[in-house]
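Q: pasting the sequence and the predicted coordinates here, then a few questions.
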Amino acid sequence: MTRPRQFYWKGVHVPYIAPWTGEQKPPGKVVLRKGRGGQGIGYDDELSHVDRRYDALWIRRAAVRGLGEPDLAAVHPYRQRQAMSHMLCQVCGASTYNRPDERHLFLMRSADGRPIGEGEETTTPPVCEPCAVESVGACPHLRKGYTAALVDYAQIWGVAGLVYDPDTLTPLSGPEGRPISVALESPLIRWTLATAAVVTLHGVTTVDLKDLAAQ
Ligand SMILES: [Zn+2]
């Protein structure tokens, strides 16, 4: 896969997974639905190939990068999912299947220096080396502390999102409004309105980004 078009906003390299204000879409009416996999939530006008993935219903967003202004603090659900399922760099969108060791680089915020753990769940897609080096210099969150690891493989574990109460169809979030992580095999998966894919990381080796960049 070639590198998609890059966007810059006020001198900032806009990450591939960042949503733009022009990517709004009417949210869709959530209804009770009985599908092949059992009962759960659906849209009254659901298009299964667009709205459903990993058995979960997905929040609706348009996909028009570059339209309006970027929201650098948010994540576009479809591009995040695409980055996870195809291992694309979250910043430039290029494939991270290009290292000679066939591993993928993951970079995460870590104010206390805690490394990425074996089997750790994450919604943060991989990053290519040049973008990792660029990010630690440019991203205010990462400047407070980060950790990097090379990972043998990332496996889709589930989704993160709002879980709807089966009785009242009230959407529920986690503490402080954070999304709830739901495993693929959980009966809650069909009651979840997903905003991101969750992977687990395997064969994790902590690396020093400076050493990696110097090699
Ligand atoms: Zn990149």
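A: Received it, and whenever you're ready, just let me know what you need. Numbering: from 1, shown residues only.

Q: in this structure, where's the longest strand?
A: The longest strand of the chain (DSSP state E) is strand 146-164.

Q: that one: how far from the chain's middle?
A: 8 Å (C-alpha atoms, centre = their mean, to the nearest Å).

Q: next secondary structure after that strand?
A: Per DSSP states H and E, the first helix or strand lying C-terminal to strand 146-164 is strand 171-172.

Q: partners of that next one in the sheet?
A: strand 146-164 (antiparallel) (DSSP bridges).

Q: in PDB, could you pull the C-alpha coordinates for the strand it pairs with?
A: Taking Å, rounded to 0.1, in the frame of the first residue of the first chain, the C-alpha atoms of strand 146-164 are listed here in PDB:
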ATOM      1  CA  TYR A 146       6.500   7.900  26.300                       C
ATOM      2  CA  THR A 147       7.500   4.300  25.800                       C
ATOM      3  CA  ALA A 148       8.100   2.400  22.600                       C
ATOM      4  CA  ALA A 149       8.100  -1.300  21.800                       C
ATOM      5  CA  LEU A 150       8.600  -3.600  18.800                       C
ATOM      6  CA  VAL A 151       5.800  -6.100  18.600                       C
ATOM      7  CA  ASP A 152       5.700  -9.400  16.700                       C
ATOM      8  CA  TYR A 153       2.000  -9.200  16.000                       C
ATOM      9  CA  ALA A 154      -1.100  -7.300  17.100                       C
ATOM     10  CA  GLN A 155      -4.300  -9.400  17.200                       C
ATOM     11  CA  ILE A 156      -7.800  -7.900  17.100                       C
ATOM     12  CA  TRP A 157      -9.200  -8.500  20.600                       C
ATOM     13  CA  GLY A 158     -12.400  -6.600  20.500                       C
ATOM     14  CA  VAL A 159     -13.800  -3.100  20.300                       C
ATOM     15  CA  ALA A 160     -14.200   0.000  22.500                       C
ATOM     16  CA  GLY A 161     -17.300   2.000  22.600                       C
ATOM     17  CA  LEU A 162     -20.600   2.600  24.400                       C
ATOM     18  CA  VAL A 163     -22.500  -0.500  25.700                       C
ATOM     19  CA  TYR A 164     -26.300  -0.300  25.400                       C
END
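
Q: what's the average pLDDT for that strand?
A: Strand 146-164 shows a mean pLDDT of 97.

Q: can you list the buried residues in it?
A: Under the neighbour-count criterion of 16 or more other C-beta atoms under 10 Å, strand 146-164 has 146-151, 154, 157-164 buried. For the C-beta atoms, the positions are set from N, CA and C on the backbone; glycine is no exception.

Q: who touches the spatially most central residue of the chain in this structure?
A: When C-alpha atoms, centre = their mean is applied to the chain, the residue found nearest the centroid is Q80 (3.6 Å). Contacts for Q80 (C-beta atoms under 8 Å, 6 or more residues apart in numbering) come out as I17, Q90, T123, P125, A196, A197.

Q: nearest to D101 among the buried residues of strand 146-164?
A: The closest of the buried residues of strand 146-164 to D101 turns out to be L150 (C-beta to C-beta; 7.2 Å).

Q: brilliant, that's me finished.
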